[in-house]
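**Student:** Give me coordinates for this.
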Amino acid sequence: MSDANWGSGQPSRNRPIRLGALSAALTATLALLCCTGGAGAFFLTELSGDAAEERVESQSACGPDHKVDATGRMPRSAGYGERQLRNAAIIIKVGQDMKVPARGWVIAIATAIQESGLKNYANSTVPESLALPHEAVGRDHDSVGLFQQRPGWGSVKQRMTPSYSARKFYEKLIQVPNWEKRSLTDAAQRVQISAFPDAYAKHEETASRIVDALAGGAARTVRVADQAVCNSAARGQIAASGWTAPIPGGVGSGFRTSQRPSHNGVDIAAPKGTLIRAASGGRVLVSRCDPDRAGRLSCDVDGWPNKGGCGWFVDILHANGNITRYCHLVERPEVRVDQRVKAGQVIGKVGSSGNSSGPHLHFEVHVRSDRSSAGAVDPVPFMRERGAPLKGAA
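**Tutor:** Residues are numbered from 1 along each chain as shown. Modelled structure (predicted):
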């Protein structure tokens with residue numbers, strides 16, 4: 001079986017998904033020294049609504065045990081002020097002191113971004129004598145602080161103290177059953193009880209980048225036997241970023257090679273029947289049989305080279321407009337359109353339906369909510385940056 005003959009993975013009907021008007025994107029550069037002494041430059045793009053592609057010029061070596069200094073010099077940023085990043089550092093440090101896994105830091109920072117933009121908010125109704133030094137004034141009832149906590153969480157002085165408010169958030173988070181396996185927005189909502197429960201998800205990617213920048217790449221770690229292991233999100237394990245490899249096989253045919261310039265994903269070798277997992281939490285956009293070149297729905301038999309079509313395939317929409325595609329399943333997928341799935345959830349099994357010469361998973365990543373070839377990006381660096389490297393990929 002030749003890699004060159006594996007399926008194109010290009011469904012015959014690809015249309016961009018439009019999720020509303022493209023909102024203004026905030027691009028920031030965080031320059032920092034990593035925990036090993038080398039320099040790295042992080043490029044963050046914070047988005048609300050549709051997503052612009054995020055990229056990393058270079059990353060520091062992953063160091064899950066890197067201790068955050070919330071009093072030291074903060075990275076330079078065009079999008080977040082020094083105080084905002086210091087607040088993020090305090091949130092991480094409290095999590096470290098409480099021995100909360102890095103996934104909790106990502107959830108906490110995403111929550112604080114949504115609730116306060118990482119600014120320590122007072123409230124217009126709070127007496128000046130109780131307001132304490134603050135960074136902004138809001139009007140959200142009697143909620144104050146980074147997490148906009150109400151009086152039941154403590155006194156005004158306590159809630160306006162970043163370390164206290166972060167500790168209270170973590171204390172409630174770790175009481176949520178299976179919180180590490182839940183989607184970020186579900187875990188955050190069970191703590192916050194917000195009127196906008198789906199709002200947290202859009203900050204997951206930005207929160208992961210901030211954690212990586214301030215804590216030595218900790219968002220790329222996986223908790224294994226109570227230890228943080230870097231870049232090992234395979235076989236259903238979930239990185240702190242919320243991503244995992246879809247199957248444990250090694251990458252064969254690559255993204256848009258000279259031999260296959262229209263190959264918009266990578267092929268991952270695996271035996272027929274290998275479980276395929278959702279690479280991250282999200283909503284199923286497509287779950288169907290892709291017609292072959294002759295327009296036939298013939299996905300229940302093994303395909304062949306030049307047959308055309310993805311066979312049985314699934315598209316999943318994730319936070320920030322990222323989309324993953326899984327092609328050549330052996331049988332009808334185990335998920336349906338509009339179903340919400342968790343990271344690591346089984347969505348189907350490896351097969352050889354469609355344009356294929358043998359069992360494998362054709363895996364694609366698209367950005368900007370664009371399912372067409374114009375939105376496709378190389379899955380190898382995309383997954384590696386999220387601590388879920390595809391096995392065998394450099």
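**Student:** Pull the number of nearby residues for residue 157.
**Tutor:** Using other C-beta atoms under 10 Å, residue 157 has 12 other residues around it. C-beta coordinates here come from the backbone N, C-alpha and C atoms, glycine included.
**Student:** Specify the local secondary structure of it.
**Tutor:** Three-state call for residue 157 (DSSP: H, G, I helix; E, B strand; the rest coil): helix.
**Student:** so where is the stretch 101-250 of the chain shaky, pLDDT-wise?
**Tutor:** Within the stretch 101-250 of the chain, the segments meeting pLDDT under 70 span 123-141, 234-235.
**Student:** Tell me which stretches of it form helices.
**Tutor:** 102-116, 128-131, 156-159, 162-173, 184-192, 204-214 (DSSP state H, counting those that start in this stretch).
**Student:** Report the angle between the first one and helix 204-214.
**Tutor:** Calculated by axes from the mean of the first three to the mean of the last three C-alpha atoms, to 10 degrees, helix 102-116 forms an angle of 120 degrees with helix 204-214.
**Student:** If you count contacts, what does helix 102-116 end up packed against?
**Tutor:** helix 82-97, helix 162-173, helix 184-192, helix 204-214, strand 221-224 (3 or more C-beta pairs under 8 Å, 6 or more residues apart in numbering; DSSP states H and E).
**Student:** quick one on the thing from earlier: including distance to residue 280, could the helices of the stretch 101-250 of the chain go into JSON lines?
**Tutor:** Listed next are these as JSON lines, based on distance: least, C-beta to C-beta, whole Å:
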{"stretch": "helix 102-116", "distance to residue 280": "12"}
{"stretch": "helix 128-131", "distance to residue 280": "40"}
{"stretch": "helix 156-159", "distance to residue 280": "32"}
{"stretch": "helix 162-173", "distance to residue 280": "20"}
{"stretch": "helix 184-192", "distance to residue 280": "10"}
{"stretch": "helix 204-214", "distance to residue 280": "9"}
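**Student:** Which strand residues bridge residue 289?
**Tutor:** As for beta bridges, residue 289 partners with residue 312 under DSSP bridges.
**Student:** Residue 353: what's its closest spatial neighbour, skipping adjacent residues?
**Tutor:** Counting by C-beta to C-beta, 6 or more residues apart in numbering, residue 311 is the residue found nearest to residue 353 once chain neighbours are left out, at 2.8 Å.
**Student:** and the one you found, how far is that from residue 245?
**Tutor:** Look at residue 311 and residue 245: by C-beta to C-beta, to the nearest Å, they are 21 Å apart.
**Student:** Over to residue 325?
**Tutor:** Using C-beta to C-beta, residue 325 is found at 15 Å from residue 245.
**Student:** between the helices of the stretch 101-250 of the chain, which gets nearest to residue 336?
**Tutor:** Between residue 336 and these, the tightest spacing by C-beta to C-beta is seen for helix 184-192, at 19.4 Å.
**Student:** got the angle between that closest one and helix 204-214?
**Tutor:** On the basis of the same axes, to 10 degrees, helix 184-192 is oriented at 80 degrees to helix 204-214.
**Student:** same for helix 184-192, what does it pack against?
**Tutor:** Using 3+ C-beta pairs under 8 Å, 6+ apart, helix 184-192 sits against helix 102-116, helix 162-173.
**Student:** can I get those helices in CSV with mean neighbour count and distance to residue 331?
**Tutor:** Converted to CSV, the helices and strands packed on helix 184-192 look like this (neighbours: other C-beta atoms under 10 Å; distance: least, C-beta to C-beta, whole Å):
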stretch, mean neighbour count, distance to residue 331
helix 102-116, 27, 33
helix 162-173, 22, 38
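**Student:** possible to save those helices as CSV with distance to residue 156?
**Tutor:** Output for the helices and strands packed on helix 184-192, formatted as CSV (distance: least, C-beta to C-beta, whole Å):
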stretch, distance to residue 156
helix 102-116, 15
helix 162-173, 11
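**Student:** so which of these gets nearest residue 254?
**Tutor:** Shortest distance between residue 254 and those, using C-beta to C-beta, is found for helix 102-116: 29.5 Å.
**Student:** chain center to that closest one, what's the gap?
**Tutor:** Relative to its parent chain, helix 102-116 has a centroid offset of 13 Å by C-alpha atoms, centre = their mean, to the nearest Å.
**Student:** so it versus helix 162-173, what angle?
**Tutor:** On the basis of the same axes, to 10 degrees, helix 102-116 is oriented at 120 degrees to helix 162-173.
**Student:** Show me the one of the helices and strands packed on helix 184-192 that comes nearest residue 367.
**Tutor:** Checking the helices and strands packed on helix 184-192 against residue 367 by C-beta to C-beta gives helix 102-116 as the closest, at 19.1 Å.
**Student:** Could I get the CA-only coordinates of that closest one as PDB?
**Tutor:** Output of helix 102-116 as PDB, limited to C-alpha atoms (Å, rounded to 0.1, in the frame of the first residue of the first chain):
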ATOM      1  CA  ALA A 102      -2.600  22.900  34.400                       C
ATOM      2  CA  ARG A 103      -6.000  22.300  32.800                       C
ATOM      3  CA  GLY A 104      -7.500  24.200  35.700                       C
ATOM      4  CA  TRP A 105      -5.200  27.200  35.000                       C
ATOM      5  CA  VAL A 106      -6.500  27.300  31.400                       C
ATOM      6  CA  ILE A 107     -10.100  27.100  32.600                       C
ATOM      7  CA  ALA A 108      -9.600  29.800  35.200                       C
ATOM      8  CA  ILE A 109      -7.900  32.200  32.900                       C
ATOM      9  CA  ALA A 110     -10.500  31.700  30.100                       C
ATOM     10  CA  THR A 111     -13.200  32.400  32.700                       C
ATOM     11  CA  ALA A 112     -11.400  35.600  33.900                       C
ATOM     12  CA  ILE A 113     -11.000  36.800  30.300                       C
ATOM     13  CA  GLN A 114     -14.800  36.400  29.800                       C
ATOM     14  CA  GLU A 115     -15.800  37.900  33.100                       C
ATOM     15  CA  SER A 116     -13.400  40.800  33.400                       C
END
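**Student:** Brilliant, that's me finished.
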